[in-house]
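[1] my questions are about this predicted structure, shown below with the sequence.
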Amino acid sequence: MSTRDDRQEGREALSSERTRTLPAKDGGKVRLKLWVLSGPGAGKGRPLPVGSYLLGKSADCDIVLEDGTVSRHHLRLEVEEDRVVATDLGSYNGSFCEGLRFSELEVRPGAVLTLGETRLKVMPEDTRERALLLSSRDRFGALVGTSRRMREVFTFLERMAPVDSDVLIQGETGTGKELCAEGLHHGSPRAKKPFVVVDLAGIAPSLIESELFGHVKGAFTGAQADRAGAFERAQGGTVFLDEVGELPLELQPRLLRVLERRQVKRVGGNDYRELDVRVVAATHVDLEAAVKAEKFRRDLFHRLAVLRVVLPPLRERPEDIPMLIDTVLERLGKPPSSLSDQTRALLVQYPWPGNVRELRNVVDRVVNLGEESLPDIDPGIPGRAALRAGGLDLAQPFKEAKEQLVEGFERDYLKSLLKRCEGRFNRAAREAGIDRVYLRKLMRKHGLELSDGKPGADEDDAG
Ligand SMILES: Nc1ncnc2c1ncn2[C@@H]1O[C@H](COP(=O)(O)OP(=O)(O)OP(=O)(O)O)[C@@H](O)[C@H]1O
């Protein structure tokens, strides 16, 4: 997109892809900006002061859209103090707003206009939208979300994917960090090469080194053959280091070396092998705090966090819940009607400490076991189980009745969880979407132990 009058100013604004905060004009009128959301020139923006603008492919337009599907003189935008009017100039492919073709239209701020393959958005400059172009999409890879918070994240991710820099993804457990890493890989030129996941919380600390860097035969007891580590296996592709905060301090310099020199030496080996990998790391802990507490090296943190994205917890974006429920149902092969409106309403109100993973598990459970199995998910909002109260002594005081119900649910849930995860503690915590400390506490409360008698034994997950 280029302009006739202010081409120079426009070039500066467009190349930086940033906008300055401009003071509101006299009289408090809102300044507008035009953004290109998709099509050639996507991501570019330019100020839209009061005036008349001719948009089209022709070089004599005020705003030139270099899009073969746009007519030479496609649309006129009349920007007045208090309104914007768009008029289609008899274009070949037509002008559309929110899916409807128009010949003349008053454009409300935030509306998306589609001209050929180009989608344009008129927005006030002095909202947060000016600082960050919100993605018009409600998904990135397998991540979905309609909330403003997630669309901001999608904007970052869309820009990060094709860039080869390493990325750090932060977010509570179950917020979709792994899906995010997968999306970055699939959106990158490395998409056809391997995507190798290393879950550092799920591997016994003594095995992490060999898992990451590989080993040579005889390097340690049990090393019966040479083995490539995750970095070598991902050659040409992406390595996803999940829970990178769990990397033991003594191994951190080795990871730093890999990141800086793109070379790896197998445990017990002598030669360095050249690597061509992108590293995406994730953590649910506050790594800055870990740096302050000297549990995580500052230099490694800065090296990992070349690009950083934070996934917001689900409780801060409840508007995403309906779409997430539908996505989970679709992935389970169930129709949207599998959940009643009443159940959906309950699910939208719950704060979801285990985030999307917990939501997925509850939907899965309700769909397979019936709505009666809906746990009492909020003290203020009795679930179906509480309403049904099967087997409960309803003559008890409310508090006791509720405790009895919750305890029964916890016990059943833990038993089924541990069975499903074959007693693997870390996996169980991840599947349940709860913190390991909390899981350990719950297991103790219910006298449940892993097969080796030690709730929390990490070795079980090493394989
Ligand atoms: N925005 C989303 N859209 C669709 N599914 C999602 C989204 N976020 C998470 N999920 C689903 O929730 C589950 C957990 O996601 P994921 O494993 O990516 O989370 P995580 O942040 O990596 O968790 P952890 O920190 O425990 O490893 C998965 O089943 C995933 O498909």
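    All right, it came through fine. Predicted model, so just to flag it, every value in this text is computed and none were measured.

[2] only C-alpha atoms for contact and neighbour calcs from this point on.
    OK.

[3] ok, and the closest non-adjacent residue to the residue of the stretch 351-463 of the chain found nearest the ligand?
    Closest approach between the stretch 351-463 of the chain and the ligand, counting by Cα to the nearest ligand atom: residue 357, at 3.9 Å. Leaving aside its sequence neighbours, residue 357 sits nearest to residue 174 (Cα to Cα, 6 or more residues apart in numbering; 4.7 Å).

[4] what does stretch 50-60 rub up against?
    Residues from elsewhere that reach stretch 50-60 (Cα atoms under 8 Å, 6 or more residues apart in numbering): 4, 61-68, 70-81.

[5] I meant stretch 228-241, not that one.
    By Cα under 8 Å, 6+ apart, stretch 228-241 touches 178, 181, 185, 190-200, 210-215, 264, 266, 275-282.

[6] out of the residues you listed, which touch the ligand?
    Among the contacts of stretch 228-241, the residues lying close to the ligand (Cα under 6 Å from any ligand atom) are residue 178.

[7] got a PyMOL select line for the buried ones in the contacts of stretch 228-241?
    Remark: buried members of the contacts of stretch 228-241, expressed as a PyMOL selection using 16 or more other Cα atoms under 10 Å:
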select buried, resi 178+181+185+190+191+193+194+195+196+197+198+199+200+210+211+212+213+214+215+264+266+275+277+278+279+280+281+282
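
[8] in strands only, show me the contacts of stretch 228-241.
    Under the assignment DSSP state E, the contacts of stretch 228-241 contribute 195-199, 214-215, 264, 278-282 to strands.

[9] show me the helices in the stretch 351-463 of the chain, by range?
    For the stretch 351-463 of the chain, helices defined by DSSP state H, counting those that start in this stretch occupy the ranges 355-369, 384-388, 398-420, 425-432, 436-445.

[10] winner for burial among these?
    helix 425-432 (a mean of 22; mean count of other Cα atoms under 10 Å).

[11] tell me what it is packed against?
    Secondary-structure packing of helix 425-432 (3 or more Cα pairs under 8 Å, 6 or more residues apart in numbering; DSSP states H and E): helix 355-369, helix 398-420, helix 436-445.

[12] then the first one to PDB, C-alphas only?
    Below are the C-alpha coordinates for helix 355-369, written out as PDB (Å, rounded to 0.1, in the frame of the first residue of the first chain):
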ATOM      1  CA  ASN A 355      -6.700 -23.900  32.000                       C
ATOM      2  CA  VAL A 356      -7.700 -25.400  28.600                       C
ATOM      3  CA  ARG A 357      -6.400 -28.900  29.500                       C
ATOM      4  CA  GLU A 358      -8.800 -29.000  32.500                       C
ATOM      5  CA  LEU A 359     -11.600 -27.700  30.400                       C
ATOM      6  CA  ARG A 360     -10.800 -30.400  27.800                       C
ATOM      7  CA  ASN A 361     -10.800 -33.100  30.400                       C
ATOM      8  CA  VAL A 362     -14.100 -32.000  31.900                       C
ATOM      9  CA  VAL A 363     -15.800 -31.900  28.500                       C
ATOM     10  CA  ASP A 364     -14.400 -35.300  27.600                       C
ATOM     11  CA  ARG A 365     -15.600 -36.700  30.900                       C
ATOM     12  CA  VAL A 366     -19.100 -35.200  30.600                       C
ATOM     13  CA  VAL A 367     -19.500 -36.300  26.900                       C
ATOM     14  CA  ASN A 368     -18.400 -39.900  27.700                       C
ATOM     15  CA  LEU A 369     -20.000 -40.400  31.100                       C
END
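
[13] re earlier: can you redo the ones in strands among the contacts of stretch 228-241 as TSV with distance to residue 54?
    Output for the ones in strands among the contacts of stretch 228-241, formatted as TSV (distance: Cα to Cα, whole Å):
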residue	distance to residue 54
195	47
196	50
197	51
198	53
199	54
214	61
215	65
264	57
278	44
279	45
280	44
281	46
282	47
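
[14] make JSON lines from those and add pLDDT to it.
    Shown next, in JSON lines, are those (pLDDT from 0 to 100):
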{"residue": "195", "pLDDT": "97"}
{"residue": "196", "pLDDT": "97"}
{"residue": "197", "pLDDT": "96"}
{"residue": "198", "pLDDT": "95"}
{"residue": "199", "pLDDT": "92"}
{"residue": "214", "pLDDT": "94"}
{"residue": "215", "pLDDT": "93"}
{"residue": "264", "pLDDT": "94"}
{"residue": "278", "pLDDT": "96"}
{"residue": "279", "pLDDT": "96"}
{"residue": "280", "pLDDT": "97"}
{"residue": "281", "pLDDT": "97"}
{"residue": "282", "pLDDT": "96"}
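
[15] quick one: the residue of the stretch 351-463 of the chain closest to the ligand and residue 334, what's the gap?
    Distance of residue 357 to residue 334, given as Cα to Cα, to the nearest Å: 18 Å.

[16] and if you look at residue 343?
    Remark: distance between residue 343 and residue 334 (Cα to Cα) = 15 Å.

[17] look up the pLDDT of the residue lying closest to residue 248 once chain neighbours are set aside for me, please.
    Distances taken as Cα to Cα, 6+ apart place residue 205 nearest to residue 248, at 7.0 Å, with adjacent residues excluded. Predicted confidence (pLDDT) for residue 205: 83.

[18] what's the answer for residue 345, then?
    82.

[19] the one 3 residues further on too?
    As predicted, residue 348 sits at a pLDDT of 83.

[20] which residues touch it?
    With contact set as Cα under 8 Å, 6+ apart, residue 348 has these partners: 318, 319, 321, 322.
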